[in-house]
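> Below is the structure, and that's it, no one-letter string:
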């Protein structure tokens, strides 16, 4: 049986779309790029979805990567990918509620297709070892920092864009942990990417500020394996929706540990 080498369509002509296309090319994949996926003035969402489905179908792609910023267009575009018979990846942050995410997941599953959100840091070397040690702990505190010297993005708040990485890692590694520190920001003096878990004198962490691991390529390989098997990858829509729920809880102060609990968490 030949090696599975699907054709990918990258939707999104911005900087990140180019980065995604380069990653796919490093994996020796055929990468297709097409325009015509912007919402037209006055266009209804059902008409937009139907038009995009036909546009995707015409390319002959088997996989679609929606490499655009979040917005109202994302869900119709994802559903268009399914209507065209494709598996699909969406860029983070996934800002969609659990009910809608569950419905879309079931639609993909009923067609033997897979959808995922690009949470690439779940593919760092030490993630699975951390998960093995912490996923069943219900007394853990989580601290995370994602600071960048790059300027801010007015269309993407730091807690959603950078913070979704931290919350995804927390959700995957130690979903019952309380958040003691959540530090995100653009335009900072230094770059810092770090997660830490602590409980009863035990601590564990991962500093991924400097990273040369091929995490995007690992994500691609795992997503393609999942699509072949008909199984959901770790960064499925359910996971991403839970991350969004966690973001809303953080904004409301509902997941933060008490000051006496987090004083020693770094």
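Done, it's in. This is a predicted model, so every value here is computed, not measured.

> going forward, measure contacts and count neighbours with C-alpha atoms only.
Noted.

> All the strands of this protein, in order from the start?
8-11, 31-33, 63-66, 87-91, 115-118, 141-147, 178-185, 192-199, 202-207 (DSSP state E).

> what about residue 14, how many residues close to it?
By the criterion of other CA atoms under 10 Å, residue 14 has 11 neighbours.

> show me the contacts for it.
residue 68 (CA atoms under 8 Å, 6 or more residues apart in numbering).

> What separation is there between it and residue 33?
As judged by CA to CA, to the nearest Å, residue 14 and residue 33 stand 11 Å apart.

> cool, and residue 111?
Here residue 111 is placed at a distance of 25 Å from residue 33 (CA to CA).

> Same list (the strands of the chain) but as JSON lines, adding distance to residue 102.
What follows is the strands of the chain, written out as JSON lines (distance: least, CA to CA, whole Å):
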{"stretch": "strand 8-11", "distance to residue 102": "23"}
{"stretch": "strand 31-33", "distance to residue 102": "29"}
{"stretch": "strand 63-66", "distance to residue 102": "19"}
{"stretch": "strand 87-91", "distance to residue 102": "15"}
{"stretch": "strand 115-118", "distance to residue 102": "11"}
{"stretch": "strand 141-147", "distance to residue 102": "27"}
{"stretch": "strand 178-185", "distance to residue 102": "25"}
{"stretch": "strand 192-199", "distance to residue 102": "28"}
{"stretch": "strand 202-207", "distance to residue 102": "31"}
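
> Same list, the ones you listed, but as TSV with mean neighbour count, mean pLDDT and distance to residue 242 please.
Shown next, in TSV, are the strands of the chain (neighbours: other CA atoms under 10 Å; pLDDT from 0 to 100; distance: least, CA to CA, whole Å):
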stretch	mean neighbour count	mean pLDDT	distance to residue 242
strand 8-11	24	97	25
strand 31-33	16	94	31
strand 63-66	26	98	20
strand 87-91	24	98	15
strand 115-118	27	98	12
strand 141-147	25	97	16
strand 178-185	21	95	15
strand 192-199	20	97	18
strand 202-207	14	94	22
